[in-house]
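Enquirer: model the structure of this input:
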Amino acid sequence: MRSAWRLLRDGPGHPAWNMAVDEALLRSQAREGGLPVLRLYTWHPPAISLGYFQKARDFDRHVLDRLGILVVRRITGGRAVLHAGDVTYSVVARAGTHTPQGVREAYHYLNRGLCTALRLLGAEAERGETSPRVARSEACFALAAAGDLVHRGAKFAGSAQARMGDALLQHGSIAVRCQRALLEAVFPCRADEGLDWSRAVTSLDRVLGGPVPMDRLQAALVRGFAEAMGVELVPSRLSPAERELAQALVRDASPLVE
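Expert: Have a look, this model is predicted:
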């Protein structure tokens, strides 16, 4: 018999709520254990999620306000991610029980679910390799690390992790639609930084040569994780305790960066 994971499929969510739910699920796993969770969601309005230690002052708020882009802070590390025309996934599990214990090993294990989903859509993905020549950019998608996925060297899926004891959160963004103009506006680069967005990043619609409906990608992710992990994904909702904790995080320690 396959082991069970919870499946949460959320519609477009406010950026602060999206980050609060991921943190609430991680805290709940750390305190009480329970089944692993796969959560799929999108963003409205568009946002930039900052890595835990990243500084908001590195971005031009006048540009962000003009474009209607909010700024939130993730509980995970890494660099800023633009959430517009993407699908975000999160996995909350027990490291050493549901996933390998090591950070890199857990990345590679969970990325099997992403790779399987992408193959179901007809897209091949490879592990990224960090490029030091673009390391100064504040944008996560400017460089592909070992936990990320690329197509012909261009990144289109990035992930980050956080731990609370043995509880693990891995969440990441899959670029579905090309957002080059927004990336160039939000993450302007000097010529000496050597960053060419047209070569550094891609998107699923460009890889597949046509538009990819969000619901089709989400269906592929559900099937891909189920097959790669060998589990049954059981549709679920936030428990009352998880919802209450997420609401408290928004109210008392909101991820939204003013």
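Enquirer: A93 against P100, yeah?
Expert: No - in this structure, A93 is not within contact of P100 by CB atoms under 8 Å, at 10.5 Å. Yep, even glycine has a C-beta here, placed from its N, CA and C like the rest.
Enquirer: assign a three-state SS to I75, would you?
Expert: coil (DSSP: H, G, I helix; E, B strand; the rest coil).
Enquirer: you'd agree it is up against L26?
Expert: Yes - in this structure, I75 is within contact of L26 by CB under 8 Å, at 6.9 Å.
Enquirer: so what sits against both of these two?
Expert: By the contact definition CB atoms under 8 Å, 6 or more residues apart in numbering, I75 and L26 are jointly contacted by A162, L169.
Enquirer: same drill for those two, tell me which one is more crowded.
Expert: Shown here are I75 and L26; by other CB atoms under 10 Å, L26 has more neighbours (24 against 21).
Enquirer: identify the residue nearest that one in space, chain neighbours excluded?
Expert: L169 (4.2 Å; CB to CB, 6 or more residues apart in numbering).
Enquirer: show me where this structure has strands.
Expert: Applying DSSP state E to the chain gives strands spanning 3-13, 37-43, 47-50, 70-73, 81-83, 86-94, 126-127, 149-151, 154-164, 167-175, 231-235.
Enquirer: which outside residues touch the fourth one?
Expert: Looking back up the chat, that one is strand 70-73. Against strand 70-73 from outside (CB under 8 Å, 6+ apart): 15-16, 18-19, 45-50, 52, 54, 56, 59, 61, 64, 255-257.
Enquirer: which one of the strands of the chain has the lowest average pLDDT?
Expert: Least confidently modelled of the strands of the chain is strand 126-127, at a mean of 74 by mean pLDDT.
Enquirer: how far does it sit from the chain's center?
Expert: What separates the centre of strand 126-127 from the centre of its chain is 16 Å, taken as CA atoms, centre = their mean, to the nearest Å.
Enquirer: which secondary structure elements does that strand contact?
Expert: Using 3 or more CB pairs under 8 Å, 6 or more residues apart in numbering; DSSP states H and E as the contact test, the elements touching strand 126-127 are strand 149-151.
Enquirer: the strand it packs on: partners in the sheet, and parallel or antiparallel?
Expert: Strand pairing for strand 149-151, determined by DSSP bridges: strand 126-127 (antiparallel), strand 154-164 (antiparallel).
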